[in-house]
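S.K.: Take a look and give me a structure for this.
(2 chains, ligands or ions: 2)
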Amino acid sequence: MSLKRHPAQWPWHGLLVLILLGLAIGLWVATKRVNYEWRWERVPQYFAYRAEAPQDTPISGQVSAIAPEGRSHRLVITPEGSGPPVTVTVEQAQVAVGATVAENDTVGVNFEWRVGPLTQGLWVTIWISFVSGFVGLVIGLITGLCRISKNPALRGLAVLYIELIRGTPLLVQIFIFYFFIGTVLNLDRIVAGIGALALFVGAYTAEIIRAGIQSIPKGQSEAARSLGMSAAETMIHIVLPQAFKRVLPPLAGQFISLIKDSSLVSVIAITDLTKSGREIITASFATFEIWFTVAILYLLVTSVLSQLLFWLERRFARSD
Amino acid sequence: MIKVTHLIKIFEGRGQVVRAVDDVSTQVAKGEVVVIIGPSGSGKSTFLRCLNGLEEFNDGQVVIDGIDLTESKTNLNAVRREVGMVFQHFNLFPHKTVLENVTLAQRVVRKRKPAEAAERAMKLLTKVGIAEKAQEYPSRLSGGQQQRVAIARALAMDPKVMLFDEPTSALDPEMVGEVLDVMKQLAREGMTMAVVTHEMGFAREVADRVMFMDAGRILEDAPPAQFFTAPKEPRAQTFLKQVL
Ligand SMILES: Nc1ncnc2c1ncn2[C@@H]1O[C@H](COP(=O)(O)OP(=O)(O)O)[C@@H](O)[C@H]1O
Ligand SMILES: [Mg+2]
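M.R.: Ligands and ions are numbered 1, 2, ... in the order given. Alright, predicted model coming up:
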């Protein structure tokens, strides 16, 4: 007989389900109280929609026949004078047989898929985050190395930069970058936004990389130096590869934050996912639905990224 | 091969000053094996680390194979590749396989072709008896095996001098022998060696000279037969009584 029996787990699972259910009911009641009418059916069109493309007739004449062809229709237009008849294929005809048409009149429409503003915004968010994350990583690596350099000038500059960035809000940095630096250097708003984000992650990345480098035991670089490797060779072949493995989890956290923080560039009129959401709401009035959708899209991107980095971490763990 | 004159290394920190190496002068000839013994904290490691410039010293002169380490135009990296070092805690590169541990510096420093470096590495790994683990990562190896790889890694640079800093102190007793055997073979082949160790048997058998260090000074420097039977210094006598 064991002295201490494991307490049963199922009551707690039950409680979890109850709490989640309670939250859902609360949400439903709350929206009922403000008389909110959910219109989820309006959301999909903002991802992609079928646009109408009007089709014109190249000549004037009379529609002599409309023959179905698959899902389209073939309109045969016979010119008034002499000449061969012309065929126009449309998905939906807007004229009847016998109608008279003039040159360049619209006789029907075709439909084609277009990406909606949510998809475009999502794409902008992804590529802005990716580019500024990459530039930030480079900045962070250089700054992190300067931070532990023996040269007081390099070290001082690195400390100043890190402290400036970490001590001020990102929103303010974006404004300064856009209105001041952007104006002085005549930067495009996208460049200004990416620049501000890159400088922001760069400072945090620098601290992560510095800590990673310093966590590698001194014996490692001593062994490398004793073999005749230079300081740079030791850094490249011995210290950085080991440090990189250790900083991967905090770096991943930093980049996931970056994706969320990138929503702040919408204040300088970059149409990212957040700005797209705001624009759609003014047109659709589906406020709650759009914000929920935007949140889910961010969640989707961040969780894909964290899965990716988890996989990368496992690959690096081979030598443990 | 090694010439040290009036070497002084002082550590300053937290208000105290430690003269870790205090006016040491000595010489090691080509092919000679010198064993350095002494109580913990007597400056043995620091002395060894000054010999390949891993530790910057305050005063004095170290000349390795005719090259003065203190001269400003001396390229320390070039000197270090001629001086192999084996550490107490092996310090293998954990992110590289055994083979890569031995080939890396050959390729980076000696600029050897990958095939040439691998061939040299396999020859040395065979010599230290660990060729079958070439593709393993160091974490999969026992302490004794890791230390033998570390010796092979140092030898791969074709050094003129080998420095050993307590190479067997971190090992389980049953693994000490395998590492000492490799070192004995090296000594027989005529390698110039400076060995810090507490293995008195090794000192008796292999050493040409035994140096006794205490408080940063070399108090006694004699052939092993003389040192172990009739040490002159009282402090060396007490030390020998404790370890033998
Ligand atoms: N990096 C260091 N900073 C300050 N003091 C040190 C440092 N390394 C060694 N020492 C001091 O120098 C003395 C000699 O140390 P060490 O050479 O390691 O002795 P041993 O190897 O003989 O045990 C000791 O008193 C030790 O505390
Ligand atoms: Mg020591």
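S.K.: Please make it C-alpha for all contacts and neighbour counts, starting now.
M.R.: Fine.
S.K.: ok, residue 153 - how many residues close by?
M.R.: Let's take chain A. Applying other Cα atoms under 10 Å in any protein chain shown, we find 12 residues neighbouring A:A153.
S.K.: hm, I was asking about chain B
M.R.: Applying other Cα under 10 Å, we find 29 residues neighbouring B:R153.
S.K.: element containing it?
M.R.: B:R153 belongs to helix B:143-155 when assigned by DSSP states H and E.
S.K.: what's that helix packed up against?
M.R.: strand B:83-86, helix B:98-108, helix B:114-127, helix B:173-188 (3 or more Cα pairs under 8 Å, 6 or more residues apart in numbering or on different chains; DSSP states H and E).
S.K.: I would like the residues contacting whichever helix or strand comes after it, please.
M.R.: Of the helices and strands lying after helix B:143-155 in sequence (DSSP H and E), the nearest is strand B:161-165. Applying Cα atoms under 8 Å, 6 or more residues apart in numbering or on different chains, the external contacts of strand B:161-165 come out as B:1, B:45, B:48, B:82-88, B:154, B:191-197.
S.K.: now the angle from strand B:161-165 to helix B:143-155?
M.R.: 150 degrees (axes from the mean of the first three to the mean of the last three Cα atoms, to 10 degrees).
S.K.: Point out the residues in chain B that sit beside chain A.
M.R.: By the rule Cα under 8 Å from any Cα of the partner chain, the part of chain B lying against chain A is B:52, B:54, B:76-85, B:87, B:91-97, B:105, B:108-109, B:137, B:139, B:154, B:157.
S.K.: In this structure A:L118 contacts A:R278, no?
M.R.: No. Using Cα atoms under 8 Å, A:L118 is not in contact with A:R278, being 10.3 Å away.
S.K.: Now do the residue lying closest to B:A203 once chain neighbours are set aside: how many residues are near it, please.
M.R.: Spatially, and ignoring its direct neighbours in sequence, B:A203 is nearest to B:V35 (6.1 Å; Cα to Cα, 6 or more residues apart in numbering or on different chains). Neighbour count of B:V35, defined by other Cα under 10 Å: 27.
S.K.: B:V35 - that's part of a helix, no?
M.R.: No. Under DSSP: H, G, I helix; E, B strand; the rest coil, B:V35 falls outside any helix and is assigned strand.
S.K.: contacting residues around it?
M.R.: Counting by Cα under 8 Å, 6+ apart, B:V35 touches B:194-197, B:203, B:207-211.
S.K.: so what's it scoring on pLDDT?
M.R.: Predicted confidence (pLDDT) for B:V35: 97.
S.K.: and if you look at the one 5 residues further on?
M.R.: In this model, B:S40 is scored at 94, pLDDT.
S.K.: On the strand side of things, show who B:V4 bridges to.
M.R.: With DSSP bridges as the criterion, B:V4 is bridged to B:T26, B:V62.
S.K.: same deal with the one 4 residues further on?
M.R.: Beta-bridge pairing for B:I8 (DSSP bridges): B:D22, B:D59.
S.K.: Check the burial of it by counting its neighbours.
M.R.: 22.
S.K.: got it, and A:A317?
M.R.: Neighbours around A:A317, by other Cα under 10 Å: 11.
S.K.: Look up phi and psi at it.
M.R.: Dihedral angles of A:A317 (phi, psi; degrees, to the nearest 10) stand at phi -80, psi 0.
S.K.: Need the pLDDT of it.
M.R.: Confidence score, pLDDT, at A:A317: 78.
S.K.: How about B:T192?
M.R.: pLDDT, B:T192: 97.
S.K.: Equivalent analysis for the one 10 residues further on, please.
M.R.: Here the pLDDT value assigned to B:F202 is 95.
S.K.: Next up, the contacts around it.
M.R.: Applying Cα under 8 Å, 6+ apart, we find B:F202 in contact with B:180, B:184.
S.K.: Could you check which helix or strand contains it?
M.R.: Judged by DSSP H and E, B:F202 forms part of helix B:200-206.
S.K.: Following that helix in sequence, what is the next regular element?
M.R.: With secondary structure assigned by DSSP H and E, helix B:200-206 is succeeded by strand B:209-214.
S.K.: what's in contact with that next one?
M.R.: Taking Cα under 8 Å, 6+ apart as the rule, strand B:209-214 contacts B:33-39, B:42-44, B:203, B:218-224, B:227, B:236.
S.K.: Centre of the chain to the next helix or strand after that strand, how far?
M.R.: Using DSSP H and E, the helix or strand that follows strand B:209-214 towards the C-terminus is strand B:217-222. Offset of strand B:217-222 from its chain centre (Cα atoms, centre = their mean, to the nearest Å): 18 Å.
S.K.: Show me what the helix or strand containing A:I280 is packed up against.
M.R.: Using DSSP H and E, A:I280 sits within helix A:273-284. Contact analysis of helix A:273-284 by 3+ Cα pairs under 8 Å, 6+ apart lists helix A:117-147, helix A:287-316 as its packing neighbours.
S.K.: got the angle between the longest one and helix A:287-316?
M.R.: Right, helix A:117-147. Counting by the same axes, to 10 degrees, helix A:117-147 lies at 40 degrees to helix A:287-316.
S.K.: what does the following helix or strand past helix A:117-147 rub up against?
M.R.: With elements assigned by DSSP H and E, the helix or strand that comes after helix A:117-147 is helix A:152-166. Here helix A:152-166 makes contact (Cα under 8 Å, 6+ apart) with A:143-144, A:146-149, A:173, A:199-200, A:203-204, A:206-207.
S.K.: ok, which residues in the stretch 1-150 of chain A are in contact with chain B?
M.R.: Within the stretch 1-150 of chain A, not a single residue sits near chain B (Cα under 8 Å from any Cα).
S.K.: which stretches of the stretch 1-150 of chain A form helices?
M.R.: Along the stretch 1-150 of chain A, counting by DSSP state H, counting those that start in this stretch, helices occupy A:10-33, A:117-147.
S.K.: For the last one, name the packing helices and strands.
M.R.: Which is helix A:117-147. Partner elements for helix A:117-147 (3+ Cα pairs under 8 Å, 6+ apart): helix A:152-166, helix A:189-214, helix A:240-261, helix A:273-284.
S.K.: wait, which of the ones you listed is closest to A:Y46?
M.R.: helix A:273-284 (7.8 Å; Cα to Cα).
S.K.: now the angle from that closest one to helix A:240-261?
M.R.: Computed by the same axes, to 10 degrees, the angle between helix A:273-284 and helix A:240-261 is 20 degrees.
S.K.: quick one: contacts of the helix or strand of chain B with the lowest mean pLDDT?
M.R.: Every helix and strand of chain B was ranked by mean pLDDT, DSSP states H and E. The lowest is helix B:234-243, at a mean of 90. With Cα under 8 Å, 6+ apart as the test, helix B:234-243 has contacts from B:38-39, B:198, B:212, B:219-220, B:228, B:231.
S.K.: if you set the cut-off to 7 Å instead, what comes out?
M.R.: Helix B:234-243 has contacts (Cα atoms under 7 Å, 6 or more residues apart in numbering or on different chains) with B:212, B:231.
S.K.: try stretch A:263-277
M.R.: With Cα under 7 Å, 6+ apart, stretch A:263-277 has contacts from A:117-118, A:121-122, A:124-125, A:171, A:189-190, A:193, A:290-291, A:294.
S.K.: between those, which is closest to ligand 1?
M.R.: Taking Cα to the nearest ligand atom as the measure, ligand 1 lies nearest A:L171 of the contacts of stretch A:263-277, at 45.0 Å.
S.K.: Hmm, B:I8 and B:S25 touching each other?
M.R.: No. Checked against Cα atoms under 7 Å, the pair B:S25 and B:I8 is beyond contact range at 9.6 Å.
S.K.: what about the residue of chain A found nearest chain B, how many neighbours?
M.R.: Of all residues in chain A, A:G228 sits closest to chain B, at 4.3 Å by Cα to the nearest Cα. The tally of other residues near A:G228 (other Cα under 10 Å) stands at 28.
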